[in-house]
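>>> Sequence and computational prediction follow.
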Amino acid sequence: MRRTQYIDAITSDTPGMIDEVRGIADGSEVKFREMLAFQLIDEVWAHGAQSAKDQGVVGCTSLGMTHEGISVVGQNMDLEQYRHGHQEVLRIVPDCGPRQLVLAQAGMVGLCGANEAGVSVVVNNLWQLSHSLQGLPVAFVVRGILACRTFVDACNFVESVEHASGQAYTVSGPRGEMQSWECSADGVTRLHTLEGSLPGSRAIVQANHPRSKCPHYSTAYRNLGSETGGREANSRARECVSCQLMSNTSSNSAIQTVSKDSLSLVMRSLCSRKDPANPVSRPLDPVSDTAFSFGSIIVRSSARTLHALEDGTMDHTFLCSLGPPFSGATGAYTSYKSYSFHGVDKEISTLAGNTVHSTEFSFAKL
């Protein structure tokens with residue numbers, strides 16, 4: 001930590017976040033610098049790796065679709081198995097700015113999430129790209145995005161800050177907006193969307209390899225050569241399975257059989273274990289040291305964020321699975337729960353057709 005300039009970047013680009021980390025440290029009786037280092041998952045992977053197998057973990061699949069003025073984005077956040085049991089959803093009510101719902105590990109400021117203004121962000125580690133001892137770490141880029149009141153402000157934030165490590169960010173907005181970027185210490189590149197599998201839709205499928213034509217590779221990655229093969233093969237396999245459902249880049253018959261609703265389409269894709277060797281939803285496996293799907297979020301945003309639909313669901317929806325998402329034997333997506341920015345949370349009981357049915361419940365520790 002002493003060699004980095006992360007504190008300067010955090011203080012400058014995300015005012016108040018250093019105080020939040022100090023508060024977590026004080027409350028848990030942990031030294032401040034240790035607590036700050038605890039936030040730096042991607043930066044530790046980037047700077048501590050000596051080989052491809054050390055470059056973090058296999059995981060993280062992000063999906064997005066914009067259709068008929070509504071955006072839906074989702075992510076499986078894949079992390080090391082020792083983190084299991086420490087999942088949480090933070091409901092953040094700042095003194096100034098929009099309320100936020102953030103998937104996190106206990107003690108962390110956040111991994112991915114959404115705010116009540118309809119801005120959401122999901123992320124993917126791009127361990128191949130350049131990194132630096134200065135710039136804004138990933139966790140704080142996430143919170144900086146979620147502090148923005150508009151999609152445009154969020155885009156400007158991503159493109160204006162200096163990035164500490166390689167990461168793909170996908171941001172959506174309340175009017176069907178959706179954009180993704182490859183970010184590294186050497187620059188920011190906007191990525192294109194795909195033709196979606198629903199008529200007139202656009203889609204994003206992101207795993208853990210660069211998609212731009214000219215990625216800003218790190219020197220360490222260039223020196224690895226063929227050692228990267230297995231790790232990148234897993235990422236491309238997850239991308240392939242997801243594209244079969246999410247985009248029209250494949251002629252796979254699965255495109256014709258999925259629901260005609262973008263929310264359930266993203267949910268089905270994130271629950272996929274179609275390729276057992278490279279599942280999108282990675283189960284917890286106590287006998288191995290592989291990654292697992294620590295948590296999963298799905299966010300549906302539209303301009304009508306505060307209006308209930310006729311079926312009783314909210315037009316602005318935050319769903320989260322604390323652990324690997326899965327589909328039950330009857331087709332019910334029983335691992336997801338629906339969270340509210342204003343304190344009324346719901347448990348998903350089934351997914352039938354285009355409707356998410358749910359029952360209300362409450363949390364004691366939110």
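That came through fine.

>>> The residue nearest the centre of the chain pairs with what?
For the chain, residue 122 is the residue whose C-alpha lies nearest the centre (CA atoms, centre = their mean; 2.8 Å). Residue 122 has these beta-bridge partners by DSSP bridges: residue 170.

>>> so how far is residue 12 from it?
25 Å (CB to CB, to the nearest Å). Bear in mind the C-beta positions are built from the backbone N, C-alpha and C, glycine included.

>>> what do you get for residue 44?
Counting by CB to CB - residue 44 and residue 12 are separated by 22 Å.

>>> Same check on residue 286?
From residue 286 to residue 12 the distance is 43 Å (CB to CB).

>>> Quick check on residue 237: phi, psi?
The phi and psi torsions at residue 237 (degrees, to the nearest 10) take the values phi -70, psi -40.

>>> which of the residues in stretch 15-27 are buried?
Residues of stretch 15-27 classed as buried: 17, 18, 20, 21, 24, 25 (neighbour count, 16 or more other CB atoms under 10 Å).

>>> Filter those residues down to just the ones in helices.
Counted as lying in helices by DSSP state H, out of the buried residues of stretch 15-27, are 17, 18, 20, 21, 24, 25.

>>> In contact with the nearest residue to the third one once chain neighbours are set aside, which residues?
Distances taken as CB to CB, 6 or more residues apart in numbering place residue 109 nearest to residue 20, at 6.0 Å, with adjacent residues excluded. Contacts of residue 109 were listed using CB atoms under 8 Å, 6 or more residues apart in numbering, and they are 17, 20, 21, 24, 39, 102, 139, 140, 143.

>>> Adding pLDDT, write these out as CSV.
What follows is the contacts of residue 109, written out as CSV (pLDDT from 0 to 100):
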residue, pLDDT
17, 97
20, 97
21, 97
24, 96
39, 97
102, 96
139, 98
140, 98
143, 98
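
>>> Mind checking which of residue 44 and residue 12 has more residues around it?
For the pair residue 44 and residue 12, the greater number of neighbours falls to residue 44 (15 against 11), based on other CB atoms under 10 Å.

>>> Can I take it that that one is in a helix?
Yes - assessed by DSSP: H, G, I helix; E, B strand; the rest coil, residue 44 belongs to a helix.

>>> Show the pLDDT at the spatially closest residue to it that is not a sequence neighbour.
Closest residue in space to residue 44, ignoring its immediate chain neighbours: residue 37 at 7.4 Å, by CB to CB, 6+ apart. At residue 37 the predicted local confidence, pLDDT, stands at 95.

>>> cool, the one 5 residues further on as well?
At residue 42, the model reports a pLDDT of 95.

>>> What is the burial count for the spatially closest residue to it that is not a sequence neighbour?
Closest residue to residue 42 apart from its sequence neighbours, by CB to CB, 6+ apart: residue 138 at 4.4 Å. Residues lying near residue 138 (other CB under 10 Å) number 26.

>>> Closest to residue 210 out of the ones in helices among the buried residues of stretch 15-27?
residue 17 (27.6 Å; CB to CB).

>>> buried stuff in the strand or helix carrying residue 159?
Residue 159 belongs to helix 151-160 when assigned by DSSP states H and E. Neighbour counts using 16+ other CB under 10 Å place 151, 154, 155, 157, 158 of helix 151-160 among the buried residues.

>>> Likewise for stretch 74-84?
Of all the residues in stretch 74-84, those buried under the rule 16+ other CB under 10 Å are 74, 75, 76, 77, 78, 79, 81, 83, 84.

>>> what sits against the fourth one?
Going back to what we said before, that points to residue 77. By CB under 8 Å, 6+ apart, the residues touching residue 77 are 59, 60, 103, 111, 112, 293, 294, 295, 296, 297.

>>> now swap in the fifth one and tell me
Residues in contact with residue 78 (CB under 8 Å, 6+ apart) are 57, 58, 59, 60, 61, 282, 291, 292, 293, 294.

>>> Closest to residue 208 out of these?
Closest approach between the contacts of residue 78 and residue 208, by CB to CB: residue 60, at 6.0 Å.

>>> any idea how far that closest one lies from residue 200?
28 Å.

>>> ok, those two, which is more surrounded?
Using other CB under 10 Å as the criterion, residue 60 and residue 200 rank with residue 60 on top: 29 against 9.

>>> per-residue pLDDT, the more buried one?
Taking residue 60 on its own, its pLDDT is 94.

>>> Make JSON lines from the buried residues of helix 151-160 and add pLDDT and distance to residue 128 to it.
Output for those, formatted as JSON lines (pLDDT from 0 to 100; distance: CB to CB, whole Å):
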{"residue": "151", "pLDDT": "97", "distance to residue 128": "28"}
{"residue": "154", "pLDDT": "98", "distance to residue 128": "25"}
{"residue": "155", "pLDDT": "98", "distance to residue 128": "24"}
{"residue": "157", "pLDDT": "98", "distance to residue 128": "24"}
{"residue": "158", "pLDDT": "98", "distance to residue 128": "19"}
